[in-house]
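Enquirer: this one's structure only:
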């Protein structure tokens, strides 16, 4: 919800032209929090990824070659980062585990570019319909998880992680559908699919 609120503020203030600078500052904030300690790092990365998606979705369609290059480049950079942290800086295993890898962000960006480059990939599956809820699910799933936390910790069933994931995803879609009925926030949580439109 933090990323939802931050990007709503960006839209209201009409400062989208500073979005790239905003993204860079968010990553710098995440690294600062990682070094100094604090709780804003995860929120910064969440907002950063949402902002990157928002920035890219309205731009020229990327090529498949570019998308794969970014994926491979991001993976290689993440490996290099991990190697440097382990052998040069001698960071602890815990520090490496919780590090906000720039390569990981770039790899994720590459996967998103691939989805933009091949928009008809999986067209005959339910994914095109579900795709319109992606942003809403991303910004609302944390709220759903925090709400369900007291119940989740009491669950002792096989495949608890998979069950929780399915329930959180389903409730996040439901919350997104509700928010999409409010005209002021509709386009902040939903990008209508070509074949499937939310009806008033």
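Expert: Yep, it's here. Remember, it's a predicted structure, so these values are computed and weren't measured experimentally. Residues are numbered from 1 along each chain as shown.
Enquirer: show me the residues around residue 103 that make contact.
Expert: Contact partners of residue 103, counting by Cβ atoms under 8 Å, 6 or more residues apart in numbering, are 73-81. C-beta: built from backbone N, CA, C; applies to glycine.
Enquirer: Give me the buried subset of those.
Expert: 74, 77-78, 81 (16 or more other Cβ atoms under 10 Å).
Enquirer: if you go through this structure in chain order, where are the helices?
Expert: 2-12, 19-36, 40-57, 64-87, 93-97, 102-117, 127-131, 134-152, 160-180, 186-189 (DSSP state H).
Enquirer: mind giving me JSON lines with the buried ones among the contacts of residue 103 and columns for pLDDT?
Expert: Putting the buried ones among the contacts of residue 103 into JSON lines (pLDDT from 0 to 100) gives the following:
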{"residue": "74", "pLDDT": "92"}
{"residue": "77", "pLDDT": "92"}
{"residue": "78", "pLDDT": "90"}
{"residue": "81", "pLDDT": "86"}
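Enquirer: Now distance to residue 49 too, for the contacts of residue 103, in TSV please.
Expert: Shown next, in TSV, are the contacts of residue 103 (distance: Cβ to Cβ, whole Å):
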residue	distance to residue 49
73	17
74	13
75	17
76	20
77	16
78	15
79	20
80	21
81	17
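Enquirer: Residue 180 is in contact with residue 137, isn't it?
Expert: No: at 11.7 Å, residue 180 and residue 137 do not qualify as touching, with contact defined as Cβ atoms under 8 Å.
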